[in-house]
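> all I have is the shape, not the residue letters:
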């Protein structure tokens, strides 16, 4: 308590005493034996009131000792087995029983990790992946801004997540890895990664990129083979050595038939190789038949003709034939898509054939287009013609939903030229690109698509597409993105498939440790997503004919079933919607592949770099005494004594207020009892 507070309390006591003496003793005529009692009660009440007005504060220091958090973090993946698991249990017990002085310095806590971090010390080695960086990040988040050290029991082989060595550079706590497993380095050749597309097109080539690495002391010449549905399609002899210990193989494979392809990549194993599981990888790929024939009809000479032809033929599955409107209609009877450039009245017979065949079409207009003829022929839209030639810019319509256009940006693209004004559609059209004239946005489209009676059509209201394509090349150095944008439009126009109310999304090939998930979407008759639907799936093991039935559960905007608990093998399935005549069937294979079995030895060199980068030190399982001594002797881990100043104002003591009220009440009662006023 401060000196001025003590002086004020003394003055309060003197003041209360003076008031009591004046009230009860100065000029008092009676009082008798109760006068001292009444005087004391009045003094107590007045003194308490003065104390509350002064409100002195009392302070008290509270001392606490903060130990260092010692986190024992153990690898629970399937790569830790048998004697290694037992060794972790023994070493963890050795640290915990290092002695009472060790316990006084550290607060010991157990965590285990595999795919994710969990609190506890029970190792069952069931995790099918190892994510060391995620476990370290979790510890950082839990024990942020507190003194902490981590003892990490692992073999150093990570299968998921960010490279833990690089993450260690951002690690706040020192890490002391304890290397588990065999540290001997064996000769090994393995396939590290295979890159491929998800889809390929019929009668085209698709790329396959294979990364092969080698650890060993000699020069070797293994064979790399690629099989498609167990049929050999590619073979190459590799040359590897201790200095040239990796190769990237780029193979071009032929897509000769439609369907899902099971692709197996193998590299021949060494005579003394300990682990041959990593000499093989399998992937799947679906071959689609997207071959279409496009008739490009035009009576004008324009750079757009060549540009449109190049865009269409950028996909080898599409072929283009250029005709005039006087072409023999028999030549157009087998085309899949009509592309009509700047049509005039002579196109009347071609539009009639399109209507008769219920074929899909793409109309491109411009300054030489007969808009009144087009409006008369195509009765589902109205054009305001008679405008002077003007420049129009294009902006993507964010509400467009027929196909994804979000990955292409039309900002700063040059304008198209047209002599038509706003367009109004009476049919079921959607705007792809909106019109912008002189900086003013409009709801009128530049590019729109429509669908009616299972027939699709598109219209572009401007010429000079060639300028767009050249601008895209100048920005990115490639025509690929621009051609892909129009490729999506052509793909939309080249198919007449109606929207499917019940669709499945799944991979035909799953790794055992990655989980097998089948997704389904279901729409009601109005094509609105129905979250209340009941969808069941029946799965049959093709080997033993065992049947499993289960419901598909709603997850956000689709239904899912996780089949990760199934054994490796081939399965067929049928998913059906209850109370609807809707079902879909398919097949998938779960590979007998455990990524944790791809390693033959512990990665102690990487763990050593992790320890060095975080201020820790590497240890081996037989060095637990040295680890405990190192931790105990490190001055960074000395317990900290912290003091906390606890300041409490006297007004917070409610008993003082109670004492004042009680004193005044007793004084009043005694005075009344004795007849005093």
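Nice, I can see it. Worth saying up front: this structure is predicted, and the values here are computed from it rather than measured.

> hmm, who's touching the top helix by length along the chain?
Taking DSSP state H as the criterion, the chain has its longest helix at helix 3-24. Contacts to helix 3-24, defined as C-beta atoms under 8 Å, 6 or more residues apart in numbering, come from residues 31, 35, 38-39, 42-43, 46-47, 50-51, 54, 56-57. From N, CA and C alone the C-beta is placed, and that goes for glycine too.

> after it, which helix or strand is next?
The C-terminal neighbour of helix 3-24 among helices and strands, as given by DSSP states H and E, is helix 35-54.

> tell me where the stretch 51-200 of the chain has strands.
57-66, 68-75, 106-113, 117-119, 148-154, 175-179, 188-196, 199-201 (DSSP state E, counting those that start in this stretch).

> how far does the longest one sit from its chain's centre?
What that stands for is strand 57-66. Centroid separation between strand 57-66 and its chain, computed with C-alpha atoms, centre = their mean, to the nearest Å, is 47 Å.

> again, but for the fifth one
Between the centre of strand 148-154 and the centre of its chain there are 28 Å (C-alpha atoms, centre = their mean).

> run me through the strand neighbours of that strand, direction for each.
Sheet pairing of strand 148-154 (DSSP bridges) gives strand 68-75 (parallel), strand 175-179 (parallel).

> closest to residue 345 out of those strands?
strand 68-75 (77.9 Å; C-beta to C-beta).

> can you list the residues that contact that closest one?
So strand 68-75 is contacted by 88, 92, 95-96, 105-114, 121, 123, 130, 132, 135-136, 139, 143, 146-155, 173, 180, 631, 636-637, 639 (C-beta under 8 Å, 6+ apart).

> stretch 341-354: end-to-end distance?
From its first residue to its last, stretch 341-354 covers 15 Å (C-alpha to C-alpha, to the nearest Å).

> quick one: mean pLDDT over that stretch.
When pLDDT is averaged over stretch 341-354, the result is 93.

> list the buried residues in that stretch.
Buried residues in stretch 341-354, counted by 16 or more other C-beta atoms under 10 Å: 341-343, 347, 350-351, 354.

> measure how the longest helix of the chain sits relative to helix 35-54, angle-wise.
With axes from the mean of the first three to the mean of the last three C-alpha atoms, to 10 degrees as the basis, helix 3-24 and helix 35-54 are set at 140 degrees to each other.

> pLDDT score for residue 206?
Residue 206 is assigned 85 on the pLDDT scale.

> and the residue lying closest to it once chain neighbours are set aside, how many neighbours?
Nearest non-adjacent residue to residue 206, counting by C-beta to C-beta, 6 or more residues apart in numbering: residue 200, 3.6 Å away. Residues lying near residue 200 (other C-beta atoms under 10 Å) number 21.

> try residue 608
Going by other C-beta under 10 Å, the residues that sit close to residue 608 add up to 17.

> residue 330 falls within a strand, correct?
No: applying DSSP: H, G, I helix; E, B strand; the rest coil, one finds residue 330 to be helix, outside a strand.

> what separation is there between it and residue 228?
Distance from residue 330 to residue 228, counting by C-beta to C-beta, to the nearest Å: 40 Å.
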